[in-house]
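Asker: Model the structure of this input:
(one chain, ligands or ions: 1)
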Amino acid sequence: MTQSTGTKETREFQTETKQLLDLMIHSIYTNREIFLRELISNASDAIDKLRFEALTNHDLLAGNADFEIFILPDEETKTLTIADNGMGMTFAEVVDNLGTIAKSGTKAFLEKMKDSGAGSAGELIGQFGVGFYSAFMVAKKVTVITRAPGQPKGIRWESAGDGTYTVEECDKDSRGTAIILELQDEHCSAEHPAENFLNRFTLQNLVKKYSDYIRYPIKMNFITEEKPRDADGKIIEDAPAAQSVEVKTLNSMTPLWTRNKAEITKEEYHQLYKNLFLDWEDPLEIIHSKVEGAVEYTTVLFIPAHAPFDFYQREASSGIRLYSRNVFVMDNCKDLLPEYLRFVRGLVDSPDFSLNISRELLQHSSQLQKVGKNLEKSLLKTLESMLAKDRPKYETFWKEYGRAIKSGVYADFQSREKLQDLLLFPSSQSADGLTTLADYVSRMPDGQTLIYYAAGKDRSAVERLPQMELLREKGIEVLYLLDRVDEFAIDALREYKDKKFQSISRGDLKLDGVDTPEAKQETDKLAKDNEALLNAVKEQLAGKIAEVKISSRLKSSPVCLVSGDNGISLSMEQILTEMDRATFKARRILELNPHHEVFRVLQKLHEQASSQDAFKDYCELLYGQALLMEGITPEDPVGFAAKVAALMAEAGKKE
Ligand SMILES: Nc1ncnc2c1ncn2[C@@H]1O[C@H](COP(=O)(O)OP(=O)(O)OP(=O)(O)O)[C@@H](O)[C@H]1O
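Answerer: So this is what the prediction gives:
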């Protein structure tokens, strides 16, 4: 077969690769058959790559353009070979690709493994599809023999998955890659045909199941034995059987999306999705459309059932593959869909995508932009109709991707209006349901002109905000913004159907139309009468707060902290601080409850010149309390605690 022609080097796998191999070999994952899908998919990618490069450099093909993937089970050597005549790899590429983990998905897999402990390896292997290394789930030893086009020599890579591998130059007749798996005993035993990867029927079924859509023929030799026949056509029983070899193509190769929609089963769509995007779950939604006219394309889009575990942490990636008349052009096509739709997976096949322009140019092509606009429109339409017709399904979608949509509202100025009707929020109206903005508005009583909201880290934190009391008493519905991006989205939106949003912790509460003019007059009078007191409090808290006010929103709490109408809010400031991006500060306004007993004590202390120290402590304590109620730690927690202790001791003395 091949012969080594250079020195053989033994190298160590990168630490992460070692960990991965260890998992592959020792995991109790039962669905090991997926290794075949992974290797076939790599072979198909390698042919795609060559085919694409050959468009501009025809010499690469060297006269061999009959692309194929060959599966060769060998009973004698107990090996299974998957061979392709694709791009092959050079020495450096072999070391880079098969000694380290370059693939971000595999890295993510390892991260997730670290987080969730080895127990879940099985489930995760299926979820991530771990590429080439999955071969070690079924093989004792893996040999890769590969030759890149134009290279005089091939490269032989070999490993038993034990921490090291060898690489050496070797002879190889033709371009491409052969992966030879020396199968583990349980995977070449006739006793368990479904797990026997030398069994041709098992292999045939697996190709049908996982790789039917692959665009290159996946071939296998079938050996038939037949006894010779006599002149009358009758079998000669005692003659030795003659063997004949028949090469069969196992996959249908018809790209699913070119078929008539009505003839495609849900199961087939699911399989296409799983094959292309290596998911183990069925997608939540499928959109298949064919568009003819100024731009012509066919698209199959999927909304995965679950967002990847690190979806909201990593850089936006895109899961859209481009094809031109069934020929793969590129994957991860950015700029096709807006970032807020980056969870969508799928493909677009259009004769208008030119095959031989560069990736960069293609991404900026006007055809692509037109297609992108259409896809965005049809995805939004699908989501709107899901929301209207299948609320539970939409809520499942929302749980996974709601944050992406909300990010679209604040980050994508042009999409704001289109997205506002897709938003859902919890609210004071129902203990566990979610409401759309339209539903909120439809419930607004006559006279209420604003949409009220409260931000906090969870429902109970918001419900316990002192500011909530008054609204609860007046029966005004409040939207709860519990996700960190919520307030930024609402802030960007500013209004919905001419109704402005109003935070219950910002500026004046503006209960106009609901509150009475008399109440406002009373608050103004109290502020005037206590002007000196308010100024004194402000002076004591100089540098910490911008203003002190008489509150009209407090019931049982003596104090609360709100932020100004403009700029960021306190909760936004908190979020930005956590993200180390606190360049802006909220304008802090301390509101005092004039009807609370503490207010009267404050008035008394202020009037008595002898109580200046106590007055100062009271101001500090009220400010500290207000911060705590907002979930913010006072700047000097030890000093705050000491003041509380001193006050408790003092109160004890009086009794
Ligand atoms: N048959 C092959 N021919 C040429 N290169 C290959 C072949 N198989 C694997 N490779 C190279 O090895 C790399 C690692 O393969 P692996 O399956 O681990 O990840 P991947 O294919 O990049 O990721 P994904 O499976 O998500 O597409 C590939 O990117 C490719 O460069």
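
Asker: For whichever residue of the stretch 301-450 of the chain sits closest to the ligand, list the residues it contacts.
Answerer: Closest approach between the stretch 301-450 of the chain and the ligand, counting by C-beta to the nearest ligand atom: residue 331, at 8.2 Å. Where you see a C-beta, it was placed from the backbone N, CA and C, and this is true even at glycine. Neighbour list for residue 331: 319-322 [criterion: C-beta atoms under 8 Å, 6 or more residues apart in numbering].

Asker: hey, where'd the helices end up in the stretch 301-450 of the chain?
Answerer: 359-363, 366-389, 391-411, 416-419, 437-443 (DSSP state H, counting those that start in this stretch).

Asker: Columns mean pLDDT on top of the ones you listed, output as JSON lines?
Answerer: Shown next, in JSON lines, are the helices of the stretch 301-450 of the chain (pLDDT from 0 to 100):
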{"stretch": "helix 359-363", "mean pLDDT": "63"}
{"stretch": "helix 366-389", "mean pLDDT": "94"}
{"stretch": "helix 391-411", "mean pLDDT": "95"}
{"stretch": "helix 416-419", "mean pLDDT": "92"}
{"stretch": "helix 437-443", "mean pLDDT": "96"}
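
Asker: which of these sits most buried?
Answerer: helix 391-411 (a mean of 19; mean count of other C-beta atoms under 10 Å).

Asker: residues in contact with that helix?
Answerer: Residues from elsewhere that reach helix 391-411 (C-beta under 8 Å, 6+ apart): 284-285, 303-307, 311-312, 338-343, 383, 386-387, 415-416, 419-420, 422-424, 434, 483, 485-486, 488-489, 491-493.

Asker: let's see 7 Å
Answerer: 284, 303, 306-307, 312, 338, 340, 342-343, 386-387, 415-416, 419-420, 422-424, 434, 483, 485-486, 488-489, 492-493 (C-beta atoms under 7 Å, 6 or more residues apart in numbering).

Asker: how near is the residue of the stretch 301-450 of the chain closest to the ligand to residue 244?
Answerer: Noted for residue 331: a distance of 41 Å to residue 244, by C-beta to C-beta, to the nearest Å.

Asker: ok, for the closest residue to the ligand within the stretch 451-600 of the chain, nearest residue in space, not its chain neighbours?
Answerer: For the stretch 451-600 of the chain, the nearest residue to the ligand under the criterion C-beta to the nearest ligand atom is residue 485, separated by 29.0 Å. Once flanking residues are discounted, residue 485 sits nearest to residue 406: 4.8 Å by C-beta to C-beta, 6 or more residues apart in numbering.

Asker: Okay, the one you found and residue 496: tell me how far apart.
Answerer: The gap separating residue 406 from residue 496 is 14 Å, by C-beta to C-beta.

Asker: do residue 74 as well
Answerer: Taking C-beta to C-beta, one finds residue 74 at 67 Å from residue 496.

Asker: And those two? Which one has more around it.
Answerer: residue 496 (19 against 13; other C-beta atoms under 10 Å).

Asker: pLDDT score for whichever residue of the chain sits closest to the ligand?
Answerer: Relative to the ligand, the nearest point of the chain is residue 131 (2.4 Å; C-beta to the nearest ligand atom). Looking at residue 131, its pLDDT stands at 79.

Asker: Next, count neighbours for the residue nearest to it when sequence neighbours are not counted.
Answerer: Spatially, and ignoring its direct neighbours in sequence, residue 131 is nearest to residue 38 (5.5 Å; C-beta to C-beta, 6+ apart). Number of residues near residue 38 (other C-beta under 10 Å) recorded here: 21.

Asker: Ok, the one 3 residues further on next?
Answerer: Applying the criterion other C-beta under 10 Å, we find 20 residues in the vicinity of residue 41.

Asker: and if you look at residue 270?
Answerer: By other C-beta under 10 Å, the residues close to residue 270 number 16.

Asker: Distance of it relative to residue 326?
Answerer: Residue 270 sits 21 Å away from residue 326, taking C-beta to C-beta as the criterion.

Asker: which bits of the protein sit near the ligand?
Answerer: For the chain, the contact set with the ligand under C-beta under 6 Å from any ligand atom comprises 38, 42-43, 45-46, 84, 86-89, 97-98, 103, 105, 131-133, 177.

Asker: which residues sit in contact with the nearest residue to residue 230 once chain neighbours are set aside?
Answerer: Nearest residue to residue 230 in three dimensions, chain neighbours excluded: residue 236, at 5.6 Å (C-beta to C-beta, 6+ apart). Contacts here follow C-beta under 7 Å, 6+ apart; on that basis residue 236 touches 227-230.

Asker: how about JSON lines for the residues you listed, with neighbour count added?
Answerer: What follows is the contacts of residue 236, written out as JSON lines (neighbours: other C-beta atoms under 10 Å):
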{"residue": "227", "neighbour count": "12"}
{"residue": "228", "neighbour count": "10"}
{"residue": "229", "neighbour count": "11"}
{"residue": "230", "neighbour count": "9"}
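
Asker: hang on, the earlier thing: just the ones of the residues of the chain next to the ligand in helices?
Answerer: The helices, defined by DSSP state H, take in 38, 42-43, 45-46, 97-98, 105 from these.

Asker: okay, how far is it across stretch 589-599, tip to tip?
Answerer: Length of stretch 589-599, first residue to last, C-alpha to C-alpha, to the nearest Å: 16 Å.

Asker: Not counting that stretch itself, show me its contacts.
Answerer: Residues from elsewhere that reach stretch 589-599 (C-beta under 7 Å, 6+ apart): 526, 541, 545-551, 554, 557-564, 623, 626.

Asker: One more pass at 6 Å, please.
Answerer: 526, 545, 547-551, 554, 558-562 (C-beta atoms under 6 Å, 6 or more residues apart in numbering).

Asker: what about that stretch, average pLDDT?
Answerer: For stretch 589-599, the per-residue pLDDT averages 93.

Asker: So for that stretch, what gets flagged as buried?
Answerer: 589-594, 596, 598-599 (16 or more other C-beta atoms under 10 Å).

Asker: Which helix or strand contains residue 275?
Answerer: Assigned by DSSP states H and E, residue 275 belongs to helix 266-277.

Asker: Just the C-alphas of that helix, formatted as CSV.
Answerer: C-alpha atoms of helix 266-277 as CSV (Å, rounded to 0.1, in the frame of the first residue of the first chain):
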residue,chain,number,x,y,z
LYS,A,266,-40.6,16.5,8.3
GLU,A,267,-38.3,13.7,9.2
GLU,A,268,-36.2,14.4,6.0
TYR,A,269,-35.9,18.1,7.0
HIS,A,270,-34.9,17.1,10.5
GLN,A,271,-32.2,14.8,9.1
LEU,A,272,-30.9,17.5,6.8
TYR,A,273,-30.7,19.9,9.7
LYS,A,274,-28.9,17.4,12.0
ASN,A,275,-26.5,16.5,9.3
LEU,A,276,-25.6,20.0,8.3
PHE,A,277,-25.5,21.5,11.7
